[in-house]
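Participant: sequence below, structure please.
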Amino acid sequence: MGKVEFLTEASFKEKVFNFEANKDWKFEGDLPCIIDFYADWCGPCKTVAPILEELQAEYEGKINIYKINTEDEKNLAGMFGIQSIPSLLFVPKEGQPQMAVGALPKDTFKKAIADVLKVEQA
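Facilitator: Predicted coordinates:
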């Protein structure tokens with residue numbers, strides 16, 4: 001079963017956006033994705049974590065879900081101007097990513113997956 005994957009700056013450049021090679025947004029991935037910017041000490045982040053695990057299983061093969069620890073990856077957090085966590089970046093295959101802030105309920109995730117990522121559940 002697909003697991004939520006943790007990204008470092010190096011894997012982010014490979015799988016999401018190579019900001020060293022491109023000034024403008026260019027998605028490197030082959031599936032739309034959600035990126036969860038979180039920290040271990042953040043209570044609401046802990047609320048979101050199991051929801052993301054469920055969504056990764058439910059949408060397996062249709063989307064990827066990544067997590068970025070804002071404490072370890074300050075450069076990535078700074079690049080996206082992360083002020084509060086959790087911050088969730090919805091990245092469609094085509095077009096601009098959209099950021100949502102806060103511990104979203106599962107239904108809201110599903111709506112964003114449909115509206116922003118253009119992915120319907122099987």
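
Participant: you'd agree Pro32 is up against Pro92?
Facilitator: Yes. Counting by CB atoms under 8 Å, Pro92 is a contact partner of Pro32 at 5.1 Å. No exception for glycine: its C-beta is placed from N, CA and C like everyone else's.

Participant: between the two, which is the more surrounded one?
Facilitator: Ranked by neighbour count (other CB atoms under 10 Å), Pro32 and Pro92 place Pro32 first, with 22 against 18.

Participant: which residue ranges of this protein form strands?
Facilitator: For the chain, strands defined by DSSP state E occupy the ranges 5-6, 33-38, 64-69, 87-91, 98-101.

Participant: what would the ones you listed look like in TSV with mean neighbour count?
Facilitator: Formatted as TSV, those follow (neighbours: other CB atoms under 10 Å):
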stretch	mean neighbour count
strand 5-6	14
strand 33-38	24
strand 64-69	21
strand 87-91	21
strand 98-101	14
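
Participant: nearest to Glu20, out of the ones you listed?
Facilitator: Distance to Glu20, taken as CB to CB, is lowest for strand 64-69 among these, at 16.9 Å.

Participant: mind giving me the packing neighbours of that closest one?
Facilitator: strand 5-6, helix 9-15, strand 33-38, helix 43-58 (3 or more CB pairs under 8 Å, 6 or more residues apart in numbering; DSSP states H and E).

Participant: which residues does the spatially most central residue of the chain contact?
Facilitator: In the chain, the centroid-proximal residue (CA atoms, centre = their mean) is Ile35; its distance is 1.1 Å. Each residue near Ile35 by CB atoms under 8 Å, 6 or more residues apart in numbering is listed here: Leu7, Val16, Ile65, Tyr66, Lys67, Ile68, Leu88, Leu89, Val91.

Participant: residue ranges with poor pLDDT in the protein?
Facilitator: 1-2, 122 (pLDDT under 70).

Participant: residue with max distance from the center of it?
Facilitator: Outermost in the chain, CA atoms, centre = their mean: Ala21 at 20.8 Å.

Participant: so how far is Asp107 from the residue lying closest to the residue nearest to the centre of the chain once chain neighbours are set aside?
Facilitator: Computed as CB to CB, 6 or more residues apart in numbering, the closest residue to Ile35 that is not its neighbour in sequence is Leu89, at 4.2 Å. Distance of Leu89 to Asp107, computed by CB to CB, to the nearest Å: 19 Å.
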